[in-house]
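> fold the following, please.
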Amino acid sequence: MTTLFRRTFTIAETQTPITEPITKFGGQPVWINEPTWPLAFETGEKMLFMGQIALEDSIFPNSNGVMVYVFIWGDAEPLYAEAMAVVIQTPEMIYKTEEVEYISDATGLSIYEFDENSKENYKEYEILLSPIKSEIATPPSAHYNRYDELDIELGYNFSRPEFAGNKIGGQPLYINQPTNPREEFDSKEWLLLLQLAPQQGYYLLPRFQPNFYPFSMELGEFGILTIFIANDYTQAKLFIQLP
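Okay, the predicted model is just below:
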């Protein structure tokens, strides 16, 4: 049996810029190697900085201080995997999404909220981490979420909420078909890096406004963001799961 470790977290706005290489959303990247800012493949413009994740050895064995930086193309509505990019850094090495072009800018635009006048309000968010918990690895069929009661107007409850919520590490909530899952969902070669998902299910009140992250990011109707990292920490893959 394989034991995995995870931390759930909540997202809270901070009034003080975060300048340490710790996990956060928004603001500016805290690079630990040369700045590597991705460009949107359709426009050539700089992507938005979504956040950074500091890997802990207690969750990601032998990661030794790896930092992961996640970027999105803000004009993609809804967002899709090719409109996102990941940069993985150590002080000695840089790994990045191969299909994307990069420039050496250290700063740029980041994620934002809309204010009452529908204007972009750029903010920074700290991550409030729960204590580390362990779990036994199971196949995707064991944490597959049935959505037989999916209602486009009302939403739906997760049948396996113990795998839901915002978290780093552990096992992903799986809302696609349980047969023939993608390799990343069922392989010891890949580890769950980040999951953004509601805790119990989707409730569309108001409609299309997810309540599990505060910033503007369109994942599509009932979308869940799932990011995996290879167990050698040299590449990452992003998925947006839709029921």
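
> show me what contacts residue 183?
189, 190 (Cβ atoms under 8 Å, 6 or more residues apart in numbering). From N, CA and C alone the C-beta is placed, and that goes for glycine too.

> now do the phi/psi pair for residue 162.
Dihedral pair for residue 162: phi -70, psi -20, per degrees, to the nearest 10.

> if I look at it, how far off is residue 225?
19 Å (Cβ to Cβ, to the nearest Å).

> number of residues surrounding the residue nearest to residue 74 when sequence neighbours are not counted?
Nearest non-adjacent residue to residue 74, counting by Cβ to Cβ, 6 or more residues apart in numbering: residue 48, 4.6 Å away. For residue 48, the count of nearby residues is 24 (other Cβ atoms under 10 Å).

> same check, this time on the one 5 residues further on
Other residues lying near residue 53 total 24 when counted by other Cβ under 10 Å.

> could you do residue 56 as well?
For residue 56, using other Cβ under 10 Å, the count is 18.

> ok, now how distant is it from residue 68?
Counting by Cβ to Cβ, the gap from residue 56 to residue 68 is 12 Å.

> got it, and residue 160?
26 Å.

> now do residue 230
To residue 68, residue 230 is 11 Å away according to Cβ to Cβ.

> the more surrounded of the two?
The neighbour comparison of residue 230 against residue 68 (other Cβ under 10 Å) goes to residue 68, with 23 against 17.

> which element is the more buried one on?
For residue 68, the enclosing helix or strand under DSSP states H and E is strand 67-72.

> quick one: contacts for the residue nearest to residue 74?
Residue 48 touches 71, 72, 73, 74, 108, 109, 110, 111, counting by Cβ under 8 Å, 6+ apart.

> which of these lies closest to residue 174?
Nearest to residue 174, judged by Cβ to Cβ, of the contacts of residue 48 is residue 72 at 22.5 Å.

> remind me, longest strand of the protein?
strand 3-13 (DSSP state E).

> that strand pairs with which strands?
Paired with strand 3-13 in the same sheet, following DSSP bridges, are strand 124-129 (antiparallel), strand 133-136 (antiparallel), strand 167-169 (antiparallel).
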